[in-house]
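Q: Sequence first, then the predicted structure:
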Amino acid sequence: MINSAVELGDKIEVIRKTVIKANQHSLFSKIQDIGSNNELIITSPIENGKIIPLELNHEYYLCIYTSRGLYRCEAEVIDRKREDNMFMATLKVISKMQKYQRRQYYRLDCVLSFQYKNEDEKEIWNSGIILDISGGGLRFTSNTQLINGEPLICHIQLNFEDEQKHLYVAGSIVDCNIVDFNTNTYETRVAFDTISNEVREVVIRFIFEEERKRRKKEKGM
């Protein structure tokens with residue numbers, strides 16, 4: 001049931017099946033090995049520097065980011081172990097793996113400087129660091145505590161091989177939590193509210209080009 005498009009090193013998104021859809025929380029990991037019996041061996045997800053162990057005998061939704069697109073399926077955690085100082089989980093795929101047309105939500109892990117401000121044009125631009133970005137929003141760190149639901153304007157600079165794009169995108173704060181009391185650092189998630197198809201496609205193009213570069217680098221090409 002595992003599609004031939006799935007390869008070692010592919011990014012994988014994991015969501016527990018029993019979670020209410022409105023409150024679904026995604027965890028991210030990478031595929032370390034592919035077993036012969038429809039099994040995927042992944043590293044245990046890490047969030048905010050902490051290992052998040054997947055629960056044994058529980059079922060999860062999987063979304064796998066491959067070079068040929070996104071694939072989703074369902075899987076059950078059948079084993080957990082520690083190997084070479086890495087915590088691993090073995091997932092048995094229990095459903096058909098289907099291609100998933102969800103390009104606008106394809107996330108890219110990154111470290112990218114950007115600027116943001118309140119919708120009030122008189123506000124001064126603040127600086128932040130984007131940790132991941134998709135066609136639907138972004139996650140960033142800054143030294144400012146922001147309020148859930150607050151509107152925001154994001155100024156994002158994306159560098160391509162042949163050009164540079166400056167995007168101004170309106171969004172809303174989904175969540176904001178302090179992650180480091182010593183440095184007064186907050187992690188904030190933003191959902192884009194009004195984004196044209198043209199701008200969204202620029203973001204998606206940047207994500208796929210960066211993923212392609214990383215794959216080539218990993219393969220030594």
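A: Received the coordinates, thanks.
Q: Give the helix, strand or coil label for Y168.
A: strand (DSSP: H, G, I helix; E, B strand; the rest coil).
Q: Could you list the buried residues of the least confident helix or strand in the chain by mean pLDDT?
A: When each helix and strand of the chain is scored by mean pLDDT, DSSP states H and E, strand 98-100 comes last, with a mean of 78. Across strand 98-100, burial judged by 16 or more other C-beta atoms under 10 Å covers Y100. For the C-beta atoms, the positions are set from N, CA and C on the backbone; glycine is no exception.
Q: Low-confidence ranges, this structure, go.
A: The chain contains residues with pLDDT under 70 at 18-24, 101-105, 121, 219-221.
Q: Find the centremost residue of it, please.
A: R107 (3.9 Å; C-alpha atoms, centre = their mean).
Q: Would you mind measuring from S134 to I195?
A: Distance, S134 to I195, by C-beta to C-beta, to the nearest Å: 11 Å.
Q: next one: T183
A: 31 Å.
Q: Who has more neighbours out of these two?
A: I195 (21 against 10; other C-beta atoms under 10 Å).
Q: Report whether the expected contact of that one with S172 is present.
A: No - the pair I195 and S172 does not pass the contact test of C-beta atoms under 8 Å, sitting 11.8 Å apart.
Q: packing partners for the helix or strand containing K30?
A: Assigned by DSSP states H and E, K30 belongs to strand 27-34. Judged by 3 or more C-beta pairs under 8 Å, 6 or more residues apart in numbering; DSSP states H and E, the packing partners of strand 27-34 are strand 11-16, strand 39-43, strand 86-93.
Q: how about a cut-off of 10 Å?
A: With contacts defined as 3 or more C-beta pairs under 10 Å, 6 or more residues apart in numbering; DSSP states H and E, the secondary structure elements packing on strand 27-34 are strand 11-16, strand 39-43, strand 46-47, strand 59-66, strand 86-93.
Q: Relative to that strand, what are the paired strands and their orientations?
A: Sheet pairing here is set by DSSP bridges, and for strand 27-34 it gives strand 11-16 (antiparallel), strand 39-43 (antiparallel).
Q: any chance of these in CSV, plus mean neighbour count?
A: What follows is those, written out as CSV (neighbours: other C-beta atoms under 10 Å):
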stretch, mean neighbour count
strand 11-16, 20
strand 39-43, 20
